[in-house]
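**Student:** Give the three-dimensional model of this entry:
(one chain, ligands or ions: 1)
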Amino acid sequence: MLLRELLTENGTIYVHLDWHVIHYAKAVLDEVFGQDRFEVEVVWKRTLGGTSIANRFRTQTDSILIYTVGEGFTFHELFTKEGLSDREIEEMFPLVDSKRGRYCTDNLANPDFRPNLMYEYKGYPPPPKGWAITKEKMEQWDSEGRLHFPTSKEGRIRRKRFLNEWEGVRVQNLWNDIPPLQSQSAERVGYDTQKPEALLRRIVSASSDKGDLVLDCFVGSGTTAAVAEKLDRRWIACDLSRFAIHTTRKRLLEVATVKPFVVENLGKYERQIWQVAEFPANGRNRLEERREREVAYRNFILDLYHAKSISGHTWLHGLKSGRMVHVGAVDAPVTLADVKGIARETWKAVGTGKDAPSQAHADILGWEFAFEVNELAKQIAAESRVEVTFKKIPREVLEKKAVEQGDVRFFELGALSVEVEQKGREVALKLTDFVIPTDDIPEEARTAIKHWSQLVDYWAVDWDFKLDTFHNQWQTYRSRKNPEIDRETRYVYAEPGRYTIVVKVIDLLGNDTTKTLKVGVT
Ligand SMILES: C[S@@+](CC[C@H](N)C(=O)[O-])C[C@H]1O[C@@H](n2cnc3c(N)ncnc32)[C@H](O)[C@@H]1O
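**Tutor:** Here you go, the predicted model:
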């Protein structure tokens with residue numbers, strides 16, 4: 001329904017699903033878009049082989065359902081030469097011109113009687129109803145070598161169509177000319193469900209013009225965005241997976257002509273909506289309902305974190321293995337003030353009873369952490385003689401399926417060290433250390449990691465952060481072509497002043513860690 005609302009009057013939606021569910025989707029799409037707005041079903045031959053099941057016909061195809069919203073939808077007819085064998089092409093172009101290669105011939109007779117196109121040309125009489133073209137056109141094509149003259153004057157002049165000018169056959173609804181991605185393909189980015197760019201190129205070229213806006217709300221490895229960028233379309237791409245977003249970001253940066261783009265996180269808006277939907281409340285007033293919801297939400301997170309819920313504190317919500325647990329709100333980052341409150345309460349509570357921590361240690365779970373938190377908070381908490389651990393509440397908690405499957409892991413915030421060197425207006429940054437808890441690293445990757453820098457998959461710098469959006473002014477990342485990563489970068493400021501620099505690291509788990517630095521440039 002939302003996509004129907006988002007689609008522009010001349011837009012088209014392509015829905016690609018496999019044979020298990022496509023027929024259910026068709027019924028829903030008919031209802032949302034209207035049966036009369038169903039344009040066509042494309043059948044894409046997506047494998048060369050088939051599934052390994054042998055007790056029924058193997059499945060080699062997927063369906064793509066195409067719907068529009070209005071009569072004036074954009075459509076460009078496409079042609080293809082792929083999928084035709086040399087023999088088929090030779091059969092289609094059986095004649096050979098010594099200068100211009102293979103060609104076939106077309107009839108030049110008019111199907112309707114046209115007395116004004118009844119003329120003799122170079123001794124060849126006109127067809128019974130006249131020629132299809134004027135004498136001027138006949139002369140032009142003759143001078144361009146586009147006419148085929150039979151040896152006998154009794155024969156008929158025909159038009160030559162050259163193979164080297166041929167666009168191909170019209171693309172119809174059976175797409176068997178786009179092979180799946182091969183394991184060695186240069187396009188491959190290591191994403192399981194990655195589609196070939198040729199498939200998306202066909203879709204984007206057929207249904208949009210340069211400058212149009214293309215949306216893919218399940219972008220995966222970024223195929224649609226990369227193709228839209230290459231074809232000069234604007235694009236919006238969404239995905240709920242951290243790995244998909246990171247793969248897409250790196251893939252786009254590999255497009256030579258890529259224009260600046262931002263990676264936005266729906267963040268708190270999505271979480272606020274989720275909280276209201278997931279934890280219904282029926283208090284006497286809004287404030288009471290809000291409180292009820294917050295308690296239900298915190299208990300849900302504590303449960304996922306395998307902590308016990310406790311009451312009687314302002315900042316502390318749970319207890320796990322003798323440590324206090326704080327659960328950050330859905331719509332606000334954990335701030336330094338929060339950390340101070342958590343440390344104070346934890347310190348007071350140690351050893352005071354049944355629901356008291358056995359040690360002065362607090363686990364702080366949060367969706368977001370204020371910029372300075374990871375830097376200063378540990379120090380502040382240590383001053384209160386409390387050890388704190390920061391853990392990110394993963395986005396997966398919003399997904400019913402992930403929760404049911406028990407896929408929810410709370411990763412500790414990474415700790416990043418950056419050295420700053422300043423010479424006049426030039427500032428050099430060097431990553432000197434990066435730590436993520438060993439437990440968070442998948443076992444198979446752990447043994448291969450010999451140096452901290454191997455944990456860094458990507459890092460970027462905003463040299464003039466203005467407390468709003470992070471602007472990638474410089475970045476480096478690992479790719480298949482270039483698996484190494486720079487550890488240093490430098491920048492020359494045009495103007496003197498005080499600047500806030502933000503360094504963002506994305507680690508091999510797809511988590512980001514940021515560090516804020518302040519410099520005074522004279
Ligand atoms: C089949 S893959 C897309 C592959 C993509 N066409 C490509 O070429 O890489 C589907 C993607 O949808 C994402 N996804 C699944 N449910 C989603 C949701 N509710 N919202 C956003 N993305 C979702 C998955 O994370 C996955 O990356």
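**Student:** Could you list the domains of the protein?
**Tutor:** 2-80+170-253, 86-163, 286-405, 414-521 (automatic domain parsing).
**Student:** and the end-to-end length of the second one?
**Tutor:** End-to-end span of domain 86-163 (Cα to Cα, to the nearest Å): 12 Å.
**Student:** rewinding a little: quick one: the domains of the chain as a markdown table, columns for mean neighbour count, mean pLDDT and distance to residue 273 too.
**Tutor:** The C-beta positions use only the backbone N, C-alpha and C, and glycine is treated the same way. Conversion of these to a markdown table gives the following (neighbours: other Cβ atoms under 10 Å; pLDDT from 0 to 100; distance: least, Cβ to Cβ, whole Å):
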| stretch | mean neighbour count | mean pLDDT | distance to residue 273 |
| --- | --- | --- | --- |
| domain 2-80+170-253 | 16 | 93 | 13 |
| domain 86-163 | 14 | 94 | 55 |
| domain 286-405 | 17 | 87 | 10 |
| domain 414-521 | 15 | 89 | 22 |
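**Student:** Go ahead and measure how far stretch 136-156 is from the middle of the chain.
**Tutor:** Taking Cα atoms, centre = their mean, to the nearest Å, one finds the center of stretch 136-156 at 54 Å from the center of the full chain.
**Student:** contact partners of it?
**Tutor:** Stretch 136-156 is contacted from outside by 95, 97, 99-100, 103, 105, 107-109, 121-125, 127, 131, 133, 157-160, using Cβ atoms under 8 Å, 6 or more residues apart in numbering.
**Student:** Assess the claim that residue 247 and residue 225 are in contact.
**Tutor:** No - look at residue 247 against residue 225 with Cβ atoms under 8 Å: they stay out of range, at 10.7 Å.
**Student:** Let's test this: what are the backbone torsions at the nearest residue to residue 131 once chain neighbours are set aside?
**Tutor:** Once flanking residues are discounted, residue 131 sits nearest to residue 117: 4.6 Å by Cβ to Cβ, 6 or more residues apart in numbering. The main-chain torsion angles of residue 117 are listed as degrees, to the nearest 10 and equal phi -110, psi 30.
**Student:** Ok, residue 150 next?
**Tutor:** The main-chain torsion angles of residue 150 are listed as degrees, to the nearest 10 and equal phi -70, psi 160.
**Student:** and if you look at residue 204?
**Tutor:** In terms of degrees, to the nearest 10, the main-chain angles of residue 204 are phi -70, psi -40.
**Student:** residue contacts, it?
**Tutor:** The contact partners of residue 204, by Cβ under 8 Å, 6+ apart, come to 214, 224, 227, 228, 231, 233.
**Student:** ditto for residue 201
**Tutor:** Each residue near residue 201 by Cβ under 8 Å, 6+ apart is listed here: 227, 231.
**Student:** Could you do residue 64 as well?
**Tutor:** Applying Cβ under 8 Å, 6+ apart to residue 64 gives the contacts 14, 15, 16, 41, 42, 43, 44, 203.
**Student:** do that again at 7 Å, thanks
**Tutor:** For residue 64, the set of contacting residues under the criterion of Cβ atoms under 7 Å, 6 or more residues apart in numbering consists of 14, 15, 16, 42, 44.
**Student:** Quick check: closest non-adjacent residue to the residue in the chain sticking out farthest from the centre.
**Tutor:** Relative to the mean C-alpha coordinate of the chain, counting by Cα atoms, centre = their mean, the farthest residue is residue 123 (64.4 Å). Using Cβ to Cβ, 6+ apart and skipping the chain neighbours, the partner closest in space to residue 123 is residue 153 (5.2 Å).
**Student:** mind checking the SS state of the one you found?
**Tutor:** Three-state secondary structure (criterion: DSSP: H, G, I helix; E, B strand; the rest coil) places residue 153 in coil.
**Student:** Most proximal residue of the stretch 151-300 of the chain with respect to the ligand?
**Tutor:** Across the stretch 151-300 of the chain, no residue is closer to the ligand than residue 220, which sits at 2.6 Å (Cβ to the nearest ligand atom).
**Student:** what separates that residue from residue 275, distance-wise?
**Tutor:** Spatial separation of residue 220 from residue 275 under the definition Cβ to Cβ, to the nearest Å is 28 Å.
**Student:** ditto for residue 432
**Tutor:** Taken as Cβ to Cβ, the spacing of residue 432 relative to residue 275 amounts to 39 Å.
**Student:** just residue 499 next, same as before
**Tutor:** Residue 499 is 37 Å from residue 275, where distance means Cβ to Cβ.
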